[in-house]
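Visitor: The sequence and its predicted three-dimensional model are supplied below.
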Amino acid sequence: MSYRESEQFIEPLERIEFSDKTFCALKRGFEENPGLVGELERTVGKEEVKFYFEIVEEMENSPNLVKSYNIGKVYSKIAERELERISAEDEDDDDLSCEHTVEDHQEGLREVLKILKQTIH
């Protein structure tokens with residue numbers, strides 16, 4: 001197979017862009033779910049999970065933020081668990097230290113699942 005023929009099998013990198021509320025919700029998800037973060041560090045790698053948290057913490061759409069299996073796994077798992085936690089704890093707007101509402105965070109977390117869930121299946 002020539003190089004030209006093999007090019008057709010290479011998928012282009014697809015950048016991910018999140019809104020500020022999505023970054024904020026993911027950041028809270030990392031902070032509020034340390035047990036899950038530990039599990040992800042063991043399966044995906046501590047440095048990689050740390051890198052994904054730093055992107056969220058900086059709330060910037062980094063050129064390094066591209067769809068991949070690991071980023072899909074980490075952010076999707078965080079989003080799922082955080083949505084569960086918000087419901088289980090009956091969290092309200094007063095529990096947040098940001099300018100967003102709980103509904104904003106839930107919308108942001110659902111955005112993560114919509115964008116990334118298919119990358120891990």
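Guide: Okay, I see it.
Visitor: where's L113, which helix or strand?
Guide: Under the criterion DSSP states H and E, the helix or strand holding L113 is helix 102-116.
Visitor: Show me what that helix is in contact with.
Guide: Residues outside helix 102-116 that contact it (CB atoms under 8 Å, 6 or more residues apart in numbering) are 16, 18-19, 21-26, 28-29, 67, 71-72, 75-76, 78-80, 82-83, 86, 91-93, 95-96, 100. Bear in mind the C-beta positions are built from the backbone N, C-alpha and C, glycine included.
Visitor: Can you spell out which helices and strands pack onto the strand or helix carrying G72?
Guide: G72 belongs to helix 69-88 when assigned by DSSP H and E. If you count contacts as 3 or more CB pairs under 8 Å, 6 or more residues apart in numbering; DSSP states H and E, helix 69-88 packs onto helix 20-32, helix 34-44, helix 46-58, helix 102-116.
Visitor: will you turn those into a markdown table that also has mean pLDDT and mean neighbour count?
Guide: Shown next, in a markdown table, are these (pLDDT from 0 to 100; neighbours: other CB atoms under 10 Å):
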| stretch | mean pLDDT | mean neighbour count |
| --- | --- | --- |
| helix 20-32 | 94 | 22 |
| helix 34-44 | 97 | 15 |
| helix 46-58 | 92 | 16 |
| helix 102-116 | 93 | 18 |
